[in-house]
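> let's see this in three dimensions:
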Amino acid sequence: MAKLSLGLQLGYWGALAPGNHHTELAQEAERLGFDSVWTAESWGNDCFTPLAWIGAQTSTIRLGTSVAQLSARTPTACAMATLALDHLSAGRMILGLGVSGPQVVEGWYGQPYSKPVTRTREYVDIIRQVLARKAPVTSEGEFYPLPYTGPGAWGMGKPLKPITHPLRADVPIFIGAEGPKNVTQTAQIADGWLPLYYSPYRQEVYADQLVDAKEGFEISPTVLVNINDDLEQALYPVKAMLGFYIGGMGAAKRNFHKELMARMGFPDEAEQIQQLFLAGKQDEAVAAVPDRFADEISLSGPRERIAEKLKDWESSPVTSLLIHGDANLLRQMAELVL
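Below you'll find the model as predicted:
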């Protein structure tokens, strides 16, 4: 039975900046023996700036992005930020990448959302070249050609190597992937996977997609933890999150979260949740989320129940649980896991 590690999932900011709260949480997580801390971006704050701020005020905890959106920066720009942060943190950087969804890519970044698997593969290849620094970086890919010779080019571009020598050529690259093709590719080209929903009771959903994973491949899902003697109350925040993501985070015709729930064995329920949410019946959409699904992908209920459920996670391929919560929750999870 593998020993799980813990990561602190800070996510992205809401309407207000968190002040020093996230840094204090990261410091407490480090003191408790957490392995990693993760920041995110959507269409507000970026993920690298808060991570650098936290890195400057911690010393051992690994620093991850969960996730850096591909469309937010070119692969070489992403590699530059990774290279710099890895140096500044003395080799603690984990680069977590994700394509995001068409609403964000086309609505916020003004780019077409097409061939996400191909784009991810090109993006990772270029970053690996930058970090390896063995030769000038080139790419003949469809999305990120280097040097650029397309419309508007002056024809003066030449392949370049990073001026700064990377601290590590093998900075771990994780990918947040949902679709079967993207998960399969993640196992082939990445060092780790950041699942959105993961159930240790449905390992067969991903088994075929992970057969090419190399030794040491890490699986680090974000898992909601709600310690409460009332199981119904403990499950409600999980159901609320699922109702929002499955019902509203995506287009009616294409919602990746809904499709994932269907692949995990709940196709009818996923359809009902979306229909209710899009009809403006958000409360009913949340109520329609099956308790069983919410329970499988979270750690909810009395502390003793969570301790028992952790045994199922330890028996799965998962290597680390990324959790979000206050200092008290971090301490309780450290007592249960570490």
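
> find the residue at the geometric middle of the chain.
Ser66 (3.8 Å; C-alpha atoms, centre = their mean).

> pLDDT score for that residue?
According to the prediction, Ser66 has pLDDT 96.

> for the closest residue to it other than its chain neighbours, which residues make a bridge with it?
Excluding the flanking residues, the one nearest Ser66 by C-beta to C-beta, 6 or more residues apart in numbering is Trp38, at 3.9 Å. From N, CA and C alone the C-beta is placed, and that goes for glycine too. In this entry, Trp38 is beta-bridged to Gln9, Gly64, by DSSP bridges.

> any idea how far the residue nearest to the centre of the chain lies from Ser100?
12 Å (C-beta to C-beta, to the nearest Å).

> likewise Gly33?
The value you get for Gly33 to Ser100, if C-beta to C-beta is used, is 32 Å.

> neighbour count winner among those two?
When Gly33 and Ser100 are compared for neighbours, Ser100 comes out ahead with 22 against 13, by other C-beta atoms under 10 Å.

> what is the burial count for the residue lying closest to that one once chain neighbours are set aside?
The shortest distance from Ser100 to any non-neighbouring residue, by C-beta to C-beta, 6+ apart, is to Gln69 (4.6 Å). Look at Gln69: counted by other C-beta under 10 Å, it has 24 neighbours.

> quick one, what contacts the residue nearest to Ser42 when sequence neighbours are not counted?
Using C-beta to C-beta, 6+ apart and skipping the chain neighbours, the partner closest in space to Ser42 is Tyr12 (4.8 Å). Residues in contact with Tyr12 (C-beta atoms under 8 Å, 6 or more residues apart in numbering) are 39-42, 44-45, 47.

> what residue ranges in the stretch 151-300 of the chain score low on pLDDT?
By pLDDT under 70, the weakly predicted segments of the stretch 151-300 of the chain are 251.

> same thing but at 90, please
Within the stretch 151-300 of the chain, the ranges that satisfy pLDDT under 90 run 178-179, 196, 248-257.

> outline the domain layout of the chain.
Segmentation of the chain into domains, based on automatic domain parsing, reads 5-224+303-337, 229-301.
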